[in-house]
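> Provide a 3D model corresponding to the input given below.
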Amino acid sequence: MPPALQALLAQLAGWGLAFALGQGGLLPAGVGALVAVQALAATGSAVLLGSARWWRWIHLGFTPLLAGMLLLRIAPGWYLAAFVVLALVYWSSFRTQVPLFLSNPRTAARVAALLPRDRAPRLLDLGSGTGSLLRPLAGLRPDCRCEGIEAAPLPYLLSRLLARRQANVSVARGDFWKIPWSGYDLVYAFLSPVPMSAVWDKARAEMRPGALLVSNSFPVDGVAPDAVLDVDDRRRTRLYCYLPGGPAPAPKPLAKNGIAGR
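Numbering: from 1, shown residues only. Predicted structure coming up:
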């Protein structure tokens, strides 16, 4: 079931139960009890429907926040402004179930240590957000070409603005499913559990031997990582590292005359 339809059904279920209890005289007088029951029922419905965990927090706070704003008599224009800002930030999150996650500098340092040292590497950040991984990593590895792709307009524009003085950072707006991943030494993903199986399929089809797929916090279901790295940060980040194309081929031994043996 599409996430947006799950959210609508959960809210309707919450209102249905709250209305039924109110009509039956089973709730105390006042709006507060009605709002509380609706929020709890909508959240419970979202759990039963299998919604992602972050949707449950939205259901829990949606109606109480709406009631609070109505009591404050906020002008309608502010609602429109808030909607526009949220749409520009989260864009298609309701469809992809990938919210905006920001990587921290310690994670960037851990990822930088995974890049090859014997050549100038290329890195791709899937859904690069505001460039929170790309900017510190580009400073740590000036020889690395740090590329990101982001669909949401506002994070994309902010990432371009913040990285304007870093020549080795490049950010494009678009869909990371529609670009090839074959030319990168490392592909970084900080998405959600939902798309990871599809990410793995695309990585296996396109990434070359020896290239790393690194997923922040969300492992690929049913696939054992080649390594799991802990980041010493406040949220105890874990990096799941995979070699979708297999290990890099071993270099051929050289004969004494400098010509590779047969």
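> with just CA atoms, put stretch 188-199 into PDB.
Extracted C-alpha coordinates of stretch 188-199, given in PDB (Å, rounded to 0.1, in the frame of the first residue of the first chain):
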ATOM      1  CA  TYR A 188      27.300   6.300   0.000                       C
ATOM      2  CA  ALA A 189      23.700   5.900   1.100                       C
ATOM      3  CA  PHE A 190      21.900   7.400   4.100                       C
ATOM      4  CA  LEU A 191      18.400   6.600   3.100                       C
ATOM      5  CA  SER A 192      16.000   4.300   5.000                       C
ATOM      6  CA  PRO A 193      15.300   0.600   5.200                       C
ATOM      7  CA  VAL A 194      12.700   0.800   2.400                       C
ATOM      8  CA  PRO A 195      14.900   1.300  -0.800                       C
ATOM      9  CA  MET A 196      17.900  -0.700   0.300                       C
ATOM     10  CA  SER A 197      17.000  -3.900  -1.600                       C
ATOM     11  CA  ALA A 198      16.700  -1.900  -4.800                       C
ATOM     12  CA  VAL A 199      19.900  -0.100  -4.000                       C
END
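> quick one, strands of the stretch 151-262 of the chain?
Using DSSP state E, counting those that start in this stretch, the strands of the stretch 151-262 of the chain run over 169-173, 186-189, 212-216, 227-230, 238-242.
> buried residues, the last one. List them.
Right, strand 238-242. 239-242 (16 or more other Cβ atoms under 10 Å). Backbone N, C-alpha and C define where each C-beta goes, glycine included.
> can the strands of the stretch 151-262 of the chain go into CSV with extra columns for mean pLDDT?
Below are the strands of the stretch 151-262 of the chain laid out as CSV (pLDDT from 0 to 100):
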stretch, mean pLDDT
strand 169-173, 95
strand 186-189, 97
strand 212-216, 97
strand 227-230, 96
strand 238-242, 97
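> out of these, which comes closest to Ala163?
Ala163 lies closest to strand 169-173 among these, at 4.1 Å (Cβ to Cβ).
> strand partners (parallel or antiparallel) of the closest one?
Pairing partners of strand 169-173, with direction, according to DSSP bridges: strand 145-150 (parallel).
> show me the domain layout of the chain.
If you go by automatic domain parsing, the domain ranges for the chain are 3-74, 105-242.
> straight-line length of the last one, end to end?
Across domain 105-242, the straight-line distance between its terminal residues is 22 Å, by Cα to Cα, to the nearest Å.
> just give me how far it sits from the chain centre.
11 Å (Cα atoms, centre = their mean, to the nearest Å).
> would you turn the domains of the chain into TSV with distance to Ala248?
Output for these, formatted as TSV (distance: least, Cβ to Cβ, whole Å):
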stretch	distance to Ala248
domain 3-74	36
domain 105-242	3
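> winner for burial among those?
The highest average neighbour count among the domains of the chain, using mean count of other Cβ atoms under 10 Å, belongs to domain 105-242 at a mean of 18.
> so which residues make contact with stretch 129-142?
The contact list for stretch 129-142 (Cβ atoms under 8 Å, 6 or more residues apart in numbering) reads 100-105, 107-109, 111-112, 115, 121, 123, 125, 128, 144, 146-148, 150, 152, 155, 158-159, 162-163, 166, 168-169, 171, 188, 190.
> got CSV for the buried residues of strand 238-242, with distance to Val231 too?
Output for these, formatted as CSV (distance: Cβ to Cβ, whole Å):
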residue, distance to Val231
Leu239, 7
Tyr240, 12
Cys241, 12
Tyr242, 17
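> which one of these is nearest to Pro3?
Nearest to Pro3, judged by Cβ to Cβ, of the buried residues of strand 238-242 is Tyr240 at 23.7 Å.
> so how far is Pro116 from the closest one?
With distances taken as Cβ to Cβ, to the nearest Å, Tyr240 is found 19 Å from Pro116.
> and the nearest residue to Asp185 once chain neighbours are set aside, what are its phi and psi?
Closest residue to Asp185 in three dimensions, ignoring its sequence neighbours and counting by Cβ to Cβ, 6 or more residues apart in numbering: Pro121, at 4.1 Å. With angles defined as degrees, to the nearest 10, Pro121 sits at phi -90, psi 170.
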